[in-house]
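> need coordinates for the following:
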Amino acid sequence: MANKEQKMDELDKMNNVLSSGEQWIEKNGKKLTAAVLVVILAVIGILLVKQFYLAPLEEEAQNAMFKGEFYFEQDNFEVALNGDEADFIGFKAVADEYSGTKAGNLANAYAGICAYNLGNNEEALEYLEAYDGNEPLLYPNIIAMIGNCYANMGDYNKAMKKFVEAAEEASNAVISPLFLIKAATVAEKTEDFAKAIELYQEVKDKYENSVMGQDIDKYIERAKAQVK
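Sure, this is the predicted structure:
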């Protein structure tokens, strides 16, 4: 009998909860409907922006990039960066004017590399750091290029961190050893020989059979010889 009464109490509680819920929905139904409509309209708006604004803008940005890639391949970094005063506006302008597109984002990488090759490290940093991507080959090299800029500017601590980050991001036997050795070389320059040995040893442990890893022992011995 007690069990039956307990089940009835639980059933009554559940009915009260459901009843309260129904009353809340009835009371706030218009608000709920309005909220759902807002979400639907927002989704439709996003789709319309993508279809009628971003897609044509992306195509326009890609067209603007085309001639710059030719100048870049010819090592004509000045024109590639700033344009030819004819039919190419320059990677810098593409990056700025089409910042919301994939092509505009890629233009940041191109602009940064061009500025670096022209010796403009601060300008190079501005565009390299604006680049947002995760391509397995390009992205680690962009990080390392940022490291190069910091090294040229005398900020060796940041340079070393960027080279290590580039090695970790690449995570392969082709370029990771190169970036680790660059980081270790910077560590030696700042007379942090313990850190240099650690980085050279990482190359030996992870990438000893790579091209860069084959001579790594001499780098380790050189750094050890400097420890006082």
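
> if I look at M65, what pLDDT would I see?
Looking at M65, its pLDDT reads 83.

> is it true that it touches A95?
No - the pair M65 / A95 is not scored as a contact, 9.8 Å apart, by Cβ atoms under 8 Å. No exception for glycine: its C-beta is placed from N, CA and C like everyone else's.

> between the two, point out the one with more neighbours.
More neighbours surround A95 than the other of M65 and A95, with 27 against 22 (other Cβ atoms under 10 Å).

> and stretch 176-186, what's its mean pLDDT?
In this model, stretch 176-186 carries a mean pLDDT of 94.

> L118 - how many residues pack around it?
15.

> that one contacts E78, doesn't it?
Yes - counting by Cβ under 8 Å, L118 touches E78, with 6.4 Å between them.

> give the buried residues for stretch 105-122.
By neighbour count with 16 or more other Cβ atoms under 10 Å, stretch 105-122 contains the buried residues 105-117, 120-121.

> on that earlier part again, now for M65 and A95: what residues contact both?
A107, Y110 (Cβ atoms under 8 Å, 6 or more residues apart in numbering).

> domains in this structure, by residue range?
The record's domain parsing of the chain by automatic domain parsing lists 29-132, 137-228.

> helices of the protein, residue ranges please.
For the chain, the helices defined by DSSP state H occupy 2-49, 55-73, 77-82, 91-97, 102-117, 121-130, 138-152, 156-170, 176-189, 193-207, 216-226.

> give me the pLDDT for A80.
The model's pLDDT for A80 equals 94.

> what is the burial count for E221?
E221: 11 neighbours (other Cβ under 10 Å).

> quick check: the gap between it and K161.
To K161, E221 is 25 Å away according to Cβ to Cβ, to the nearest Å.

> for E69, same thing?
Distance from E69 to K161, by Cβ to Cβ: 31 Å.

> which of those two has more neighbours?
Legend: neighbour count by other Cβ under 10 Å for E69 and K161, higher for K161 (17 against 14).

> pLDDT at the more buried one, what is it?
For K161, the model assigns a pLDDT of 96.

> what residues are up against it?
G147, A183.

> low pLDDT regions in this structure?
Applying pLDDT under 70 to the chain flags the ranges 1-57, 228.

> 50 instead, please
Along the chain, segments meeting pLDDT under 50 span 3-5, 7, 14, 17-18, 21, 24-25, 32-54.

> what count of nearby residues applies to the closest residue to K224 other than its chain neighbours?
Leaving aside its sequence neighbours, K224 sits nearest to I197 (Cβ to Cβ, 6 or more residues apart in numbering; 6.2 Å). I197: 21 surrounding residues under other Cβ under 10 Å.
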